[in-house]
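Visitor: here is my input; please provide its structure:
(one chain, ligands or ions: 1)
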Amino acid sequence: MGTLYVVATPIGNLEDITLRAIRILQEADLIACEDSRITKRLLVRHEIDTPTISYHQHSGEEKTAVLLEKLRAGQSIALVTDAGTPGIQDPGGRLVRAVRNAQISVEVIPGPSALTAALSVAGISADSFYFVGFLPKKKGRQTLLKELERLAIPIVIYEAPPRVVKTLRDIHAYLGERKIIAARELTKKFEELQEGTVTSLLNHFTNHRPKGEFVIIVLPDIY
Ligand code: SAM
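Guide: Okay, the predicted model is just below:
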């Protein structure tokens, strides 16, 4: 039997990868990845020539069966996503569950995630926090926002640039005026942290179109 390695990869800066992750990616028989063009950039940077196979959010049971077959045949597979930690608002959970159910070994190679990167640089007490990931676009959005209003701990939201303003508007509407820390393009050239009230960030992003990848941290009060 082979092993499935769940490997965290950089969220931007290609140097943010552990020595163990590089070794496992080199030694694996196959790398299961979302977008092979994105993973190839990382592999070229670290001179890794392991072949890739696609595994993404739309991969169904057939693809899982193919990977299980390879693991049963003794191959080792490294699972990566486009950025960060597999399974954290990314594919991975279902495959890992299927592999574990098949009594095949799974090992984790921990590393970057936008979630921990944003919290660690925000300068807040993040002993506990609530991770939303992406807010639902329609169904369930209102209900979830109403539930979030009651939390007295930091709330962490992933957001794509075209939706940042809408999400800030909804935070204002459902959670009221709060202090927000918006962490943008972490580990990349234009890394930036913006903090202020929801209103001040809304003003800012209405005048400066949001660009890049965002983690929005909503604090329990406005201070
Ligand atoms: N698995 C990843 C992780 O461990 O963080 C998350 C993947 S999710 C599909 C992509 C979202 O993560 C982006 O829309 C953004 O909200 C956040 N993200 C990823 N890289 C980021 C970065 N360098 N700076 C800020 N946010 C980032």
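
Visitor: smallest gap between this protein and the ligand, at which residue?
Guide: Closest contact between the chain and the ligand, by CB to the nearest ligand atom, is at Gly84 (2.5 Å). Where C-beta positions appear, they are placed from N, C-alpha and C, glycine not excepted.

Visitor: please enumerate the helices of the chain.
Guide: 19-27, 36-45, 61-72, 93-101, 114-121, 141-148, 164-175, 198-207 (DSSP state H).

Visitor: in this structure the residue of the chain closest to the ligand contacts Val7, no?
Guide: No - assessed by CB atoms under 8 Å, Gly84 is found out of contact with Val7, at 10.7 Å.

Visitor: between these two, who's got more neighbours?
Guide: Legend: neighbour count by other CB atoms under 10 Å for Gly84 and Val7, higher for Val7 (28 against 23).

Visitor: residue contacts, the closest residue in space to that one that isn't next to it in sequence?
Guide: Counting by CB to CB, 6 or more residues apart in numbering, Val7 lies nearest to Ile109, which is 4.4 Å off, once chain neighbours are set aside. Counting by CB atoms under 8 Å, 6 or more residues apart in numbering, Ile109 touches 5-8, 18, 20-21, 24, 78.

Visitor: run through the bridge partners of the residue of the chain closest to the ligand.
Guide: For Gly84, the beta-bridge partners under DSSP bridges are Thr9.

Visitor: OK, contacts around it?
Guide: Gly84 touches 8-11, 90, 112-115, counting by CB under 8 Å, 6+ apart.

Visitor: residue numbers of this protein in contact with the ligand?
Guide: 11-12, 81, 83-85, 88-90, 113-115, 158-160, 183, 185-188, 213-215 (CB under 6 Å from any ligand atom).

Visitor: now do the domain split for the chain, please.
Guide: 3-109, 114-218 (automatic domain parsing).

Visitor: wait, doesn't Val108 sit right on Val6?
Guide: Yes - taking CB under 8 Å as the definition, Val108 is a contact partner of Val6 at 4.9 Å.

Visitor: okay, those two: which has more neighbours?
Guide: Using other CB under 10 Å, the more surrounded residue of Val108 and Val6 is Val6, with 23 against 14.
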